[in-house]
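K.L.:
With the sequence up front, the predicted model follows.
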Amino acid sequence: MDQYQIAVVVGSLRRESWNRKLATAVAKLAPPEFSFTQVRIDDLPLYNQDDDANPAAAVRRFKSEIKAAQGLLFVTPEYNRGIPGVLKNAVDHGTRPPGQSSWAGKPAGVMGASPGAIGTAVAQYQLRALLSYLDVATLGQPEVYIQAKEGLFDDAGAIAIEGTRKFLQGWMDRYAAWVKRFAG
Ligand SMILES: Cc1cc2nc3c(=O)[nH]c(=O)nc-3n(C[C@H](O)[C@H](O)[C@H](O)COP(=O)(O)O)c2cc1C
C-alpha cells in the first residue's frame, strides 16, 4: 500500500494553541496509509533575501520536510484579519531561492480555529490566495472554520463534539482522496 506523508504547518507558536490541538485531532481521523507530521516553524529566522545563497540549517531542514511530503495541511489562526507573521515567514522561506520552491505542485488543505464566530475565514482566504500563486492546489470544499471553545477536545486530544467530528471526518475523506489524485 502506498504511504502518504503530510507536512502540517501550524500558524501559531502558542503552547496551548487551539490550532495545534486541531491539527493533532484531525490527524487522528486519517486513513492508516497517511501520516501527519507537524513541521517546526518557530526556529526559522526572519526571512532576509541576503541569506538566499547561504540559508540557515533550520531553513534547509524546513524546505526538505516540505519537499518530501506528498501533501500539506495548513492550520492557522487569524491575526488582525490576516495570517500570522510566523506563517507568512515560513511560506516565504519555502519559496526561495527563485526556481527552488518547496511548495510548487503540492496538494493542500487549509483550516483554522478561533474563539470568534467567523474566526479565521479572512486569514484562510488570504492564505489560499498566496498558495494559489505558489502553485499549491488547495482543496476547495468543505471549508473548515472551527469555533474554538471549551469541550472541543477530549482528554486524549480527539474531537469531543460529535457533529464536529463527523464534519471533520468528511473533510478528511475528501482530503485523502485529493492528495491521492496528485500522487499518481
Ligand atoms: C495579535 C492577535 C490578533 C488577533 N486577531 C484576530 C482576528 O483577526 N480574528 C480572530 O478571529 N481572532 C483574532 N485573535 C484571537 C485569536 O483567534 C486567538 O488568540 C486564538 O486563540 C489564536 O490561535 P491559537 O490558539 O492557535 O494560538 C487575535 C489574537 C492575537 C494575539
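P.N.:
Received it, and whenever you're ready, just let me know what you need. Residues are numbered from 1 along each chain as shown.

K.L.:
Spit out the contact partners of the residue nearest the centre of the chain.
P.N.:
For the chain, Phe74 is the residue whose C-alpha lies nearest the centre (CA atoms, centre = their mean; 1.4 Å). For Phe74, the residues meeting the contact criterion (CB atoms under 8 Å, 6 or more residues apart in numbering) are Val8, Val9, Gly11, Leu87, Ala108, Gly109, Val110, Met111, Leu127, Leu131. Every residue, glycine included, has its C-beta placed from N, CA and C.

K.L.:
number of nearby residues for the nearest residue to Val179 once chain neighbours are set aside?
P.N.:
Residue nearest to Val179 in three dimensions, not counting chain neighbours: Gly71, with 3.8 Å by CB to CB, 6 or more residues apart in numbering. Gly71 has 24 neighbours, counted by other CB atoms under 10 Å.

K.L.:
give me the beta-bridge partners of Gly71?
P.N.:
Ile6 (DSSP bridges).

K.L.:
wait, it sits on Val9?
P.N.:
No. Contact between Gly71 and Val9 fails when scored by CB atoms under 8 Å: they sit 11.5 Å apart.

K.L.:
on that earlier part again, so is the residue nearest to the centre of the chain in a helix, a strand, or just coil?
P.N.:
Here Phe74 is strand, with the state taken from DSSP: H, G, I helix; E, B strand; the rest coil.

K.L.:
That one and Gln49: what is the separation?
P.N.:
Separation of Phe74 from Gln49 (CB to CB, to the nearest Å) stands at 24 Å.

K.L.:
and what of Ala176?
P.N.:
Between Ala176 and Gln49 the computed distance is 37 Å (CB to CB).

K.L.:
Next: Lys106.
P.N.:
Taken as CB to CB, the span from Lys106 to Gln49 is 23 Å.

K.L.:
for Gly82, same thing?
P.N.:
Counting by CB to CB - Gly82 and Gln49 are separated by 22 Å.

K.L.:
more neighbours, these two?
P.N.:
For the pair Gly82 and Gln49, the greater number of neighbours falls to Gly82 (14 against 9), based on other CB under 10 Å.

K.L.:
what are the bridge partners for the more buried one, then?
P.N.:
Tyr79.
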